[in-house]
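Asker: kindly return the folded structure for what I paste below:
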Amino acid sequence: MHIKQEELNGMERAVHPQEQWEWPIAVYLYLAGLGAGAFAIGLLTDWILHPILPTRAILLWGPILVTMGAPFLILDLGRKMRFINASRNPWTSWAGRGFIILSTLMLSGLAVFAVNLLPSVLPLLNITVPSWINPELTIFKVFEIIALVVSFGTAAYTGIFLKSTRYVGLWSTWMLPLLFTVSALSTGSMGVIVALTGYGLVANNQALIDLAHRIISVEQILVIVEVVTLAAYIYLRYRAGSTARKSVQVLLAGKYKYVFWVGIVILGLLLPIALENVYKIFPEYTGLLFVSGASLLTGGFFLRYGVVKGGIKEMHPLHKMLASQYDWHTLTTPDNGILKSPGTEVKHG
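Answerer: Residues are numbered from 1 along each chain as shown. Sure thing, here's the model as predicted:
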């Protein structure tokens with residue numbers, strides 16, 4: 001009997017698609033990045049522009065998405081104890097460092113969000129607002145600074161999380177944390193724009209819509225930076241050769257080409273830019289802005305999904321060394337059931 005091993009000859013036998021991370025990781029990376037970016041853009045908008053708002057909470061909801069994304073990380077790790085063990089070694093494990101970064105953002109960010117929301121909500125419930133629930137208190141200003149710093153850390157960590165996985169050429173570059181950080185800020189700014197516009201329409205508050213318009217120019221710059229960063233990332237990974245080049249080929253012309261060209265390039269980058277430029281000409285058609293927002297936010301997810309699923313994992317160097325010592329293109333099993341390589345004689349007494 002002849003067993004043909006077409007993928008085991010030469011370099012092909014040393015690579016295979018990574019199976020460590022699946023779609024839950026893409027959801028986690030997306031929600032963590034979007035939430036971190038939205039909080040950073042929202043807080044900086046408040047600090048720089050000092051807008052008059054019904055509540056600052058409309059700008060500071062990002063940590064909610066980060067909190068929603070965390071369970072997807074635990075889900076993909078498979079077991080609670082595995083997640084706990086991975087998180088207990090912050091000095092040697094990026095999973096542990098990420099746990100500290102995300103936990104800090106969730107605790108400080110949610111505290112900032114709550115202290116800004118409750119003064120507007122409690123009176124509606126006929127509850128007196130306690131004196132300590134005051135966003136102007138020094139402790140909450142400190143929380144804002146901490147949350148802002150770790151929001152940028154979270155945005156970058158979503159890329160570092162993948163980069164720390166060994167033997168996946170597509171991920172093994174510091175361009176990936178940069179790309180995910182820029183994407184987090186672009187999707188986060190769009191999230192803030194959609195939230196302000198939607199709240200402004202419901203509350204009939206033109207000031208909120210005007211504030212959203214002021215952020216659009218920043219968001220468009222971030223999208224252009226994202227286009228350049230993505231192009232540089234793809235180009236440099238292709239130039240890196242080996243599994244990195246194979247992963248780029250899978251994204252551009254292989255199994256995930258529609259994820260890349262339709263999901264990332266068209267929905268995530270080109271269509272939002274086109275629709276926003278049309279919206280500038282016809283600002284009375286607010287629906288254009290919402291469609292643009294939905295398109296860009298969807299593209300942000302496909303970016304993470306494509307990078308996660310497109311990664312091709314190389315064998316451990318020891319396995320690769322052992323495999324390189326044999327010509328396994330065709331293996332032959334003789335009548336006696338002993339597996340032998342071509343050219344090996346089996347003598348029968």
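Asker: any idea how far Glu226 is from Ile273?
Answerer: As judged by Cβ to Cβ, to the nearest Å, Glu226 and Ile273 stand 11 Å apart. Any C-beta I mention is one placed from the backbone N, CA and C, and that applies to glycine too.
Asker: do Val115 as well
Answerer: For Val115 relative to Ile273 (Cβ to Cβ), the value is 37 Å.
Asker: more neighbours, the two?
Answerer: Legend: neighbour count by other Cβ atoms under 10 Å for Val115 and Ile273, higher for Val115 (22 against 17).
Asker: for the more buried one, give me its contacts.
Answerer: Counting by Cβ atoms under 8 Å, 6 or more residues apart in numbering, Val115 makes contact with 133-135, 140.
Asker: can you list which of these are found in helices?
Answerer: Among these, the ones falling in helices (DSSP state H) are Phe140.
Asker: neighbour count, distance to Gln249 and pLDDT added to the contacts of Val115, as JSON lines?
Answerer: JSON lines is the format used below for the contacts of Val115 (neighbours: other Cβ atoms under 10 Å; distance: Cβ to Cβ, whole Å; pLDDT from 0 to 100):
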{"residue": "Ile133", "neighbour count": "15", "distance to Gln249": "55", "pLDDT": "91"}
{"residue": "Asn134", "neighbour count": "14", "distance to Gln249": "56", "pLDDT": "91"}
{"residue": "Pro135", "neighbour count": "20", "distance to Gln249": "51", "pLDDT": "92"}
{"residue": "Phe140", "neighbour count": "18", "distance to Gln249": "50", "pLDDT": "95"}
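Asker: so can I have TSV of the contacts of Val115 showing distance to Tyr256?
Answerer: Compiled in TSV, the contacts of Val115 are given as follows (distance: Cβ to Cβ, whole Å):
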residue	distance to Tyr256
Ile133	48
Asn134	50
Pro135	44
Phe140	44
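Asker: check which helix or strand Gly287 maps to.
Answerer: Gly287 belongs to helix 286-310 when assigned by DSSP states H and E.
Asker: my bad, Ile64
Answerer: Going by DSSP H and E, Ile64 is part of helix 62-77.
Asker: what mean pLDDT does that helix have?
Answerer: Mean pLDDT, helix 62-77: 81.
Asker: which of the residues in the helix or strand that contains Thr181 are buried?
Answerer: Using DSSP H and E, Thr181 maps to helix 175-202. Neighbour counts over helix 175-202 (16 or more other Cβ atoms under 10 Å) mark 175-200 as buried.
Asker: likewise stretch 280-290?
Answerer: Residues 286, 288-290 are the ones in stretch 280-290 that count as buried (16+ other Cβ under 10 Å).
Asker: could I have it exported to CSV, CA atoms only?
Answerer: What follows is stretch 280-290, C-alpha atoms only, in CSV (Å, rounded to 0.1, in the frame of the first residue of the first chain):
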residue,chain,number,x,y,z
LYS,A,280,-20.6,66.2,4.3
ILE,A,281,-22.4,67.4,1.2
PHE,A,282,-25.9,66.2,2.3
PRO,A,283,-25.8,66.5,6.2
GLU,A,284,-29.6,66.3,6.3
TYR,A,285,-29.3,62.5,5.4
THR,A,286,-28.2,61.3,8.9
GLY,A,287,-28.8,57.7,7.8
LEU,A,288,-25.6,57.9,5.7
LEU,A,289,-23.6,58.5,8.9
PHE,A,290,-25.2,55.4,10.6
